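Participant: the sequence isn't on hand, but the structure is:
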């Protein structure tokens, strides 16, 4: 015989997962705002710019923005790779080792 399905617990699990995904999305959006230095712009200006992007149906302009965004992320990836290569393994040992008090 089959075990009865506990729909309430499954719905709670799904709701928790949806909440975690939403929190992650908000956190990543905030990280993007900081990474692009858009946190130095007034909130009203930033909101207006985002609304203009959302309302823009010019495909050529959208492609320009997409290319610019892709270049931004590629440049960040290259910088991160260079930094990772520049730092030798065991950096804590190199700087005196051990945990600080």
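Facilitator: On my side now, so go ahead. Every value quoted in this text rests on a predicted model; they were computed, and no experiment measured them.

Participant: ok, residue 71 to residue 21 distance?
Facilitator: Plainly put, residue 71 is 28 Å away from residue 21 if you go by Cβ to Cβ, to the nearest Å. Heads up, the C-betas are built off the backbone N, CA and C, glycines and all.

Participant: let me fix that: residue 74
Facilitator: Relative to residue 21, residue 74 is positioned 26 Å away (Cβ to Cβ).

Participant: same check, this time on residue 33
Facilitator: 19 Å.

Participant: go on, residue 32?
Facilitator: Distance of residue 32 to residue 21, computed by Cβ to Cβ: 16 Å.

Participant: what of residue 50?
Facilitator: On the measure of Cβ to Cβ, residue 50 and residue 21 end up 21 Å apart.

Participant: what's the answer for residue 13, then?
Facilitator: 13 Å.

Participant: in terms of helices and strands, where is the most centrally placed residue in the chain?
Facilitator: A centroid search over the chain (Cα atoms, centre = their mean) returns residue 28, at 2.9 Å, as the residue closest to the centre. Per DSSP states H and E: residue 28 is located in helix 7-35.

Participant: quick one, whichever helix or strand comes after that helix and helix 7-35 angle?
Facilitator: Note on helix 7-35: by DSSP H and E, the next helix or strand toward the C-terminus is helix 43-55. Relative orientation of helix 43-55 versus helix 7-35 (axes from the mean of the first three to the mean of the last three Cα atoms, to 10 degrees): 110 degrees.

Participant: if you count neighbours, what's buried in stretch 41-55?
Facilitator: Within stretch 41-55, no residue counts as buried by 16 or more other Cβ atoms under 10 Å.
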